[in-house]
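In: Model the following, please.
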Amino acid sequence: MANLKIIRDRIKSVKNTKKITEAMRLVAAAKVRRAQEQVIATRPFADALAQVLYGLQSRLRFEEANLPLLRQREVRSVGLLVVTGDRGLCGAYNTNVIRRAENRAKELKAEGRDYKFILVGRKAVQYFQRRNQPISATFSGLEQIPSAAEASQIADELLSLFLSESVDRVELVYTKFVSLISSRPVIQTLLPLDPQGLESSDDEIFRLTTKGGDFEVQRQKVSTEVRSFPRDMLFEQDPVQILDALLPLYLNNQLLRALQESAASELAARMTAMNNASDNATELIGSLTLSYNKARQASITQELLEVVAGAEALG
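Out: Residues are numbered from 1 along each chain as shown. A predicted model of the protein is given here:
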């Protein structure tokens with residue numbers, strides 16, 4: 001009977017755990033929808049900014065514009081901006097991006113270049129602080145759905161490091177959102193800005209939909225129609241000055257988009273992890289129930305044998 005009570009208590013515990021993991025899965029799914037809405041909401045500004053940059057690019061050569069954010073210099077030190085989450089329970093999301101950042105740091109060290117980390121997310125901060133890695137700045141406690149203000153705060157730190165020549169290049173290590181069950185850590189050079197990176201290209205945004213009661217993601221191509229400024233357009237200011245004012249905005253936009261992709265990847269990873277945990281709990285409950293039934297049947301059989309043996313002894 002003691003064994004039966006232990007199994008009953010464990011079944012009850014696993015059922016309670018399943019309720020929690022299922023609730024966390026639904027919360028993560030709702031937040032993924034919010035992340036999607038934010039991506040779509042920021043598209044008009046990004047498109048308008050791109051149109052102005054494309055127009056300026058058609059009127060002047062970016063390579064000839066002597067601007068600090070476009071200036072290439074010898075790379076002696078690299079700033080690695082690593083974006084992770086503040087919490088766990090999201091599968092290998094944090095581990096994968098941290099491993100990618102570590103490998104990149106080893107590559108830079110092998111090339112004879114210095115590096116320093118700019119860390120976003122409590123998981124990255126805790127990991128690299130425990131290993132006494134060179135850390136220039138940390139950001140944690142950010143909103144689950146990144147905001148433009150938070151992206152601007154991080155961009156200001158990056159600009160300060162780059163313009164003061166504390167670092168000669170800034171690389172972003174983040175997780176690119178592919179689907180609800182797939183994401184991959186990638187590296188993108190943020191500074192100096194590459195003029196070729198401002199060229200027109202088809203972009204993508206993700207849309208979360210439901211099919212047959214299940215979530216699925218559709219990648220939608222967003223085609224940006226490039227329209228050059230009219231030849232007779234006059235600028236009140238020098239186009240180079242306009243470009244100098246717009247490039248920090250472009251950097252902010254690039255950073256905000258990366259934060260949005262990372263947030264969506266984290267939420268999707270958490271949703272998948274909690275879904276797997278719920279499935280495992282269901283299997284464990286079935287296995288425990290089978291063990292309980294077997295133990296109960298064995299207990300009943302033992303009691304019947306004892307009654308029969310007792311009756312025979314009295315007879």
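In: helices or strands up against the longest helix along the chain?
Out: Secondary structure of the chain per DSSP state H: the longest helix is helix 239-314. Here helix 239-314 touches helix 2-41, helix 43-59, strand 77-83, helix 93-110, helix 148-163, strand 169-179, strand 182-191, going by 3 or more CB pairs under 8 Å, 6 or more residues apart in numbering; DSSP states H and E. The C-beta positions use only the backbone N, C-alpha and C, and glycine is treated the same way.
In: and of these, who's closest to Asn276?
Out: helix 2-41 (8.8 Å; CB to CB).
In: list the buried ones in that closest one?
Out: Using 16 or more other CB atoms under 10 Å as the test for burial, helix 2-41 gives 7, 11, 14, 17-18, 21-22, 24-25, 28-29, 31-32, 35-36, 38-39.
In: thinking again about what came up before, report the mean per-residue pLDDT for the longest helix of the chain.
Out: Helix 239-314 shows a mean pLDDT of 84.
In: Centre of the chain to it, how far?
Out: 19 Å (CA atoms, centre = their mean, to the nearest Å).
In: Kindly report the same for stretch 84-97.
Out: Distance, centroid of stretch 84-97 to centroid of chain: 8 Å (CA atoms, centre = their mean).
In: cool, and stretch 26-34?
Out: Using CA atoms, centre = their mean, the offset of stretch 26-34 from its chain centre is 14 Å.
In: For Phe177, give its distance to Asp156.
Out: Noted for Phe177: a distance of 25 Å to Asp156, by CB to CB, to the nearest Å.
In: These two: which is more packed in?
Out: Each of Phe177 and Asp156 had its neighbours counted (other CB atoms under 10 Å), and the higher figure belongs to Phe177 (28 against 13).
In: That one is in contact with Ala269, isn't it?
Out: No - under the criterion of CB atoms under 8 Å, Phe177 makes no contact with Ala269, lying 9.9 Å away.
In: Nearest residue to Lys109 in space, please, no chain neighbours.
Out: Tyr115 (7.1 Å; CB to CB, 6 or more residues apart in numbering).
In: doesn't Pro134 make contact with that neighbour?
Out: Yes - applying CB under 8 Å, one finds Tyr115 in contact with Pro134, separated by 6.9 Å.
In: Who has more neighbours out of those two?
Out: Taking other CB under 10 Å, Tyr115 and Pro134 do not tie; Tyr115 has more neighbours (22 against 12).
In: For the residue nearest to Lys109, list the residues it contacts.
Out: Ser77, Val78, Gly79, Leu80, Ala105, Leu108, Lys109, Pro134 (CB atoms under 8 Å, 6 or more residues apart in numbering).
In: my read: the fifth one touches Val82, true?
Out: No - with contact defined as CB under 8 Å, Ala105 does not reach Val82; the gap is 9.6 Å.
In: what residues are shared contacts of the two?
Out: Phe117.
In: between those two, which one's more packed in?
Out: Val82 (27 against 21).
In: Show me the beta-bridge partners of that one.
Out: Counting by DSSP bridges, Val82 forms beta bridges with Leu119, Val173.
In: Next one: it from Tyr93, what distance?
Out: 13 Å.
In: cool, Arg43 as well?
Out: 25 Å.
In: Those two: who's more crowded?
Out: For the pair Arg43 and Tyr93, the greater number of neighbours falls to Tyr93 (25 against 13), based on other CB under 10 Å.
In: Pull the contacting residues for the more buried one.
Out: Listed by CB under 8 Å, 6+ apart, the contact partners of Tyr93 are Thr84, Gly85, Thr175, Ser183, Ser265, Glu266, Ala269, Arg270.
In: Identify, from those, the entry nearest to Pro192.
Out: Closest to Pro192, out of all of the contacts of Tyr93 and judged by CB to CB, is Thr175, at 23.8 Å.
In: Now that closest one: closest residue in space, sequence neighbours ignored.
Out: Per CB to CB, 6+ apart, closest to Thr175 is Ser265, 4.1 Å.
In: What count of nearby residues applies to the one you found?
Out: 29.
In: Just to check, it is in contact with Ser183?
Out: Yes - with contact defined as CB under 8 Å, Ser265 reaches Ser183; the gap is 3.9 Å.
In: shared neighbours of these two, anything?
Out: Tyr93, Thr175, Lys176, Phe177.
In: For Pro185, which residues are in contact?
Out: Counted by CB under 8 Å, 6+ apart, Pro185 has contacts Asn96, Val97, Arg99, Arg100, Val173, Tyr174, Thr175, Lys176.
In: and if you look at Leu190?
Out: Contacts of Leu190 (CB under 8 Å, 6+ apart): Leu81, Leu158, Val170, Glu171, Leu172, Leu251, Gln254, Leu255.
In: Would you quantify the distance from the fifth one to Arg104?
Out: Between Leu172 and Arg104 the distance, using CB to CB, works out to 11 Å.
In: Name the residue in the two with the higher neighbour count.
Out: Neighbour comparison, Leu172 and Arg104: the larger count goes to Leu172, with 24 against 18 (by other CB under 10 Å).
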